Structure formats: structure tokens, C-alpha cells
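Asks: what shape does this take:
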Amino acid sequence: MATRILLVDNVPFFRELGAVLLSRSGPVDLAASASDAFENASLRNPGIVIADMHLPDLSGSELCQRFKMMPELGEPRVVLLARPDSGRDHAEAVRAGADEVLFKPLERDSLVASVRRLTDFEPPRGLPRARIEQSVAITARGTRVKGKLINVSRGGLFVEAPVHFGRREEVALSFSLDGNGGVVSPTAQVIWSDPIGDGRDGIGLRFLEIDAQMSSKLDHYVSDHFPRTLSIPG
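Replies: Now for the predicted structure:
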């Protein structure tokens, strides 16, 4: 059975464009506001909700949190759409519990891939990742430690480091994808942290503050470097 999709955006052009891009993924319902979205969902429970971060009556992050707290609405997966130049949008969406964060303008391939990844598999598949062996600086609690970057996806990293973090703890990162400069410094949220021996932990991290340009750079890196598997942080 095809997944019912609820697309929420107050701009008619983006609603119409999204409906066209998603037309082969399942039945698509449209809403211009958060209130319209909740009313629609109460009548036809969606399997996935795709919503802009900036709605006229509620932020996308608040909409996401409400859907996550209201099982009577079908417990859908939630994809939030961020402004391309706003790392803050991305971070707020992750903190709100969004299952995926995409940047506008919408691209059919990434939109459809996200819907399939979140709805065709149980549990949802992680994002594609690439192995990488680079050092990474991790700053948290006023302390900076060095770790080893093991793999990377558009959504996050897996690292090994001589430190233990609690789930949802936030850290600052600094690393290079190619080891030849081009250092990037996103923030990230700890998804899990488990001991692996020798006083080190394996740590799954999900990016918080990144923008569309950095997200695209990570996507290209993963596409260009093999072998690939499925990501742990998602």
C-alpha cells in the first residue's frame, strides 16, 4: 500500500511543485498551515509529513514535536524543509526530532529518496555513508579532544574518541574531508556513545548547524568515495 504524504507549505508554488515531485510516491494531501495539517491528518493519517520550517501559524519544529506527541495522528515520519543558508534552521529541526532535514529549493531525487528511506523500511534506512580516516577535533564542556573520524554521511559522523558523551549532548566539530585543508566546523548532537576499549568510545553524531552548501559537499564526498554502507547516525 502506498504511503500517504502530507505536504505543508504556505506558498502555493511550493505546494504545487511538491505535489508534482511526489506524485509517484503515494497519495499527496496539501496544507497551507499547521492548523490545516493537523485537521487533515485527523481525517487521513499520513505516513510521512513534509513541512516548511516557517509556517504562518507555527514553526516547523513545533509542528514536528506535536506530531511526535500525538499518536492519534498516525505517528508519521517528519521531514522538515530548511532555508538553504540557515544552519540554525537545520539545527532546530534536528532538535525537534525531525527524521530528515532537506534544504529548499526542492529537488525531486533527494525528496523521493528521503520518502522511500523513511517509509519503505522498518526501521528506516540510514543515509549512505563513506569510510574516511581523518582526525577530528571535538569540543564540549569547555574541553577539546582529538578523535578519529571513521565514516561520514550527509547527516552525521561516526568517530572514535577518548571521551564518553550522554545522548543528545551537543558538541562542536572541526575536521577536513580530504586532509588537505578545507576545514569544516559544524555542531552536532550525540545519538549514541558506547565503550570500545582502551578508554575510547565509538560515538554516533548527527549534524546540527550545517547549511545547504555543506550538505551538498558531504553528499558529493559520499558519492565519490567507496566502499559505501548505510549510516549509523542517519
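Asks: tell me the secondary structure at Q213.
Replies: What DSSP: H, G, I helix; E, B strand; the rest coil gives for Q213 is helix.
Asks: for the residue nearest to L73 when sequence neighbours are not counted, the count of nearby residues, please.
Replies: Spatial nearest neighbour of L73, chain neighbours left out: A41 (4.4 Å); criterion: CB to CB, 6 or more residues apart in numbering. Any C-beta I mention is one placed from the backbone N, CA and C, and that applies to glycine too. Using other CB atoms under 10 Å as the criterion, A41 is surrounded by 23 other residues.
Asks: report the contact partners of A41.
Replies: Residues near A41 by CB atoms under 8 Å, 6 or more residues apart in numbering: L6, V49, F67, L73, G74, P76.
Asks: P162 - how many residues pack around it?
Replies: Each residue near P162 was counted by other CB under 10 Å, and the total is 12.
Asks: that one contacts K148, doesn't it?
Replies: No. With contact defined as CB atoms under 8 Å, P162 does not count as touching K148 (10.0 Å).
Asks: would you mind writing the CA trace of the longest strand along the chain as PDB?
Replies: Counting by DSSP state E, the longest strand found in the chain is strand 128-140. Written as PDB, here are the backbone C-alpha positions of strand 128-140 (Å, rounded to 0.1, in the frame of the first residue of the first chain):
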ATOM      1  CA  PRO A 128      24.600   6.400   2.600                       C
ATOM      2  CA  ARG A 129      28.000   6.900   4.200                       C
ATOM      3  CA  ALA A 130      31.600   6.700   3.100                       C
ATOM      4  CA  ARG A 131      34.600   5.500   5.100                       C
ATOM      5  CA  ILE A 132      37.100   8.200   6.000                       C
ATOM      6  CA  GLU A 133      40.200   8.200   8.100                       C
ATOM      7  CA  GLN A 134      40.900  11.700   9.300                       C
ATOM      8  CA  SER A 135      41.400  13.300  12.700                       C
ATOM      9  CA  VAL A 136      38.600  15.300  14.200                       C
ATOM     10  CA  ALA A 137      38.600  17.800  17.000                       C
ATOM     11  CA  ILE A 138      35.700  17.600  19.400                       C
ATOM     12  CA  THR A 139      34.900  20.500  21.700                       C
ATOM     13  CA  ALA A 140      32.400  20.000  24.600                       C
END
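Asks: list the neighbouring strands of it plus their orientation.
Replies: Paired with strand 128-140 in the same sheet, following DSSP bridges, are strand 143-153 (antiparallel), strand 170-175 (antiparallel), strand 228-230 (antiparallel).
Asks: adding mean pLDDT, mean neighbour count and distance to I203, write those out as JSON lines.
Replies: Converted to JSON lines, the strands paired with strand 128-140 look like this (pLDDT from 0 to 100; neighbours: other CB atoms under 10 Å; distance: least, CB to CB, whole Å):
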{"stretch": "strand 143-153", "mean pLDDT": "95", "mean neighbour count": "17", "distance to I203": "8"}
{"stretch": "strand 170-175", "mean pLDDT": "96", "mean neighbour count": "19", "distance to I203": "9"}
{"stretch": "strand 228-230", "mean pLDDT": "49", "mean neighbour count": "13", "distance to I203": "17"}
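Asks: adding distance to V94, write these out as a markdown table.
Replies: What follows is the strands paired with strand 128-140, written out as a markdown table (distance: least, CB to CB, whole Å):
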| stretch | distance to V94 |
| --- | --- |
| strand 143-153 | 14 |
| strand 170-175 | 10 |
| strand 228-230 | 19 |
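Asks: closest to G202 out of these?
Replies: Smallest distance to G202 across the strands paired with strand 128-140 (CB to CB): 7.8 Å, for strand 143-153.
Asks: who touches the closest one?
Replies: Under CB under 8 Å, 6+ apart, the answer for strand 143-153 is 126-138, 157-163, 175, 177, 202-203, 218, 221-222, 229, 231-234.
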